[in-house]
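Enquirer: based on what follows, work out the 3D shape:
(one chain, ligands or ions: 1)
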Amino acid sequence: MRPKEELYLGIDLGGTNVRAAVIDGGGHVLGQEKHRLLSREPPQVAEAVVRAAKTACGAAGLPFAEMRGMGIGVAGMVQKGTGVVLAAPNLGWKEVPFVKLMQARAPRIPLWLANDLSMAAWGEREAGAGRGVDDLIVVLVGSGVGAGIIMGGKLREGASGVAGELGHIQVQPGGRQCTCGQRGCLEAYAGGHHLAGWARDDLRIALAAARTAGKHHPEVGGKLLELVGEPEKVTAAAMERAAHEGDALSIRLLEEAGRLLGIALANLVTTLNPSRLLLGGGVLSGSPRMMRVAIAEIDAHASKQSRAVLQISTPELGDQAGVVGAALLARAFLAEAA
Ligand SMILES: [Zn+2]
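Expert: Here you go, the predicted model:
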């Protein structure tokens, strides 16, 4: 039996699933559970989180009462120190006092809440590709775009907890509409859903032009259309496959998204001077092309002095990073409080 003080729960709460894991002090997963959220109502989600946590304990063969702390990563903006989720678009939440809801259901366990990207970054720092690195930035490009920032060995969440929203920095003022309500955000170009939407828009235009010219298939984007059948079915993954087969539209958009991402990253590197940058997430790790272009932009535009000490690599923990980081952040806070 492991000593009690070495066991923590990590929770990764997305818009569709909740993932829970029992983690030891070394970041090893001893038992885990993932289940689909049947409701997005905050009280029901809190119930689901507690249930998943208890099931993960069961899988590890350890009692829930032995867990020293629980870290919860939420896909959204979390207000530091209050336990309130300010906005979680995937859950449809605004100003939800989630820690309070959790405490009513699991009163004995200390809880910490943070943004899921922050949790993932902490996981990589403690047990993944950023082990021992004090100045680390983790950028994940999936359906959303975000960054977790660790400086001086500490997680940096900003004054109110919403730092790292890299997806919503402006790269094209007045440009494409983003889900946050603004126009021209990085995520409106490089985020998976938006990238596919951008291709759909351009494909519809190309298709209409081809039909006007009496052709059945557009020349630009023709390969992509062939692959997916109709514009509505375009995904970022299909774009990468089409680009690989020489599809000009897919190549142009993936490279443009990579370029905007790379310039944003170059500015981030110049501003924060990290020693390691981990680049991952479903869209970016699925597109060697976007990755290549983004890194070339960092090389071209980050200050020479900051680039000289920067190592760029990929995350190691994959979708376990969130639960591992959440649990180990709970551990770090408990250690700090002791
Ligand atoms: Zn935005």
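
Enquirer: which parts of the stretch 101-250 of the chain sit against the ion?
Expert: Contacts of the stretch 101-250 of the chain with the ion, taken as C-beta under 5 Å from the ion, map to 168, 178, 180, 182, 185. Where you see a C-beta, it was placed from the backbone N, CA and C, and this is true even at glycine.

Enquirer: for this protein, give me the ranges with low pLDDT.
Expert: 1-5 (pLDDT under 70).

Enquirer: in it, which spans are strands?
Expert: Applying DSSP state E to the chain gives strands spanning 7-13, 17-24, 29-36, 69-74, 77-79, 84-88, 93-96, 111-115, 136-141, 145-151, 154-155, 276-280, 311-313.

Enquirer: can I get the ones you listed in CSV with mean neighbour count?
Expert: Below are those laid out as CSV (neighbours: other C-beta atoms under 10 Å):
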stretch, mean neighbour count
strand 7-13, 29
strand 17-24, 24
strand 29-36, 16
strand 69-74, 28
strand 77-79, 22
strand 84-88, 20
strand 93-96, 17
strand 111-115, 23
strand 136-141, 28
strand 145-151, 24
strand 154-155, 18
strand 276-280, 24
strand 311-313, 14
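
Enquirer: pipe the ones you listed into TSV and attach distance to Glu245 per row.
Expert: Formatted as TSV, the strands of the chain follow (distance: least, C-beta to C-beta, whole Å):
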stretch	distance to Glu245
strand 7-13	35
strand 17-24	33
strand 29-36	35
strand 69-74	37
strand 77-79	39
strand 84-88	38
strand 93-96	41
strand 111-115	37
strand 136-141	22
strand 145-151	26
strand 154-155	42
strand 276-280	25
strand 311-313	28
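
Enquirer: relative to Met291, which of those is closest?
Expert: strand 276-280 (6.5 Å; C-beta to C-beta).

Enquirer: just checking, what packs against that closest one?
Expert: Judged by 3 or more C-beta pairs under 8 Å, 6 or more residues apart in numbering; DSSP states H and E, strand 276-280 is in contact with strand 136-141, helix 248-272, helix 288-301, strand 311-313.

Enquirer: from these, which stretch is densest packed?
Expert: strand 136-141 (a mean of 28; mean count of other C-beta atoms under 10 Å).

Enquirer: please state the offset of that one from the chain centre?
Expert: Using C-alpha atoms, centre = their mean, to the nearest Å, the mean C-alpha position of strand 136-141 is found 8 Å from that of the whole chain.

Enquirer: what's that strand in contact with?
Expert: 117, 120-121, 124-125, 130, 145-150, 166, 190-192, 261, 265, 268-269, 272, 274-284, 290, 315 (C-beta atoms under 8 Å, 6 or more residues apart in numbering).

Enquirer: so in that sheet, which strands flank it, and in what orientation?
Expert: Sheet pairing for strand 136-141, assigned by DSSP bridges, gives strand 145-151 (antiparallel), strand 276-280 (parallel).

Enquirer: by how many degrees do the shortest one and helix 248-272 diverge?
Expert: Translated: strand 276-280. 150 degrees (axes from the mean of the first three to the mean of the last three C-alpha atoms, to 10 degrees).

Enquirer: ok so, going back, for Leu253, find the nearest of the strands paired with strand 136-141.
Expert: Of all the strands paired with strand 136-141, it is strand 145-151 that lies closest to Leu253, at 15.2 Å by C-beta to C-beta.

Enquirer: between that closest one and strand 69-74, how many degrees?
Expert: Going by the same axes, to 10 degrees, strand 145-151 makes 140 degrees with strand 69-74.

Enquirer: what angle separates strand 145-151 from strand 111-115?
Expert: With the same axes, to 10 degrees applied, the angle from strand 145-151 to strand 111-115 works out at 120 degrees.

Enquirer: what about the closest residue to Ile137 other than its chain neighbours, how many residues nearby?
Expert: Spatial nearest neighbour of Ile137, excluding adjacent residues (C-beta to C-beta, 6 or more residues apart in numbering): Pro274 at 4.6 Å. Using other C-beta atoms under 10 Å, Pro274 has 24 other residues around it.

Enquirer: give me the phi and psi for Pro274.
Expert: phi -70, psi 160 (degrees, to the nearest 10).

Enquirer: for it, give me its contacts.
Expert: If a contact means C-beta under 8 Å, 6+ apart, then Pro274 has 135-137, 151, 310 as its contacts.

Enquirer: same check on Arg156?
Expert: Arg156 makes contacts with 149-150, 163-164, as judged by C-beta under 8 Å, 6+ apart.

Enquirer: go with 6 Å
Expert: When contacts are counted by C-beta atoms under 6 Å, 6 or more residues apart in numbering, Arg156 touches 149, 163.

Enquirer: can you name the residues that contact Ala59?
Expert: Neighbours of Ala59 in contact, by C-beta under 6 Å, 6+ apart: Gly31.
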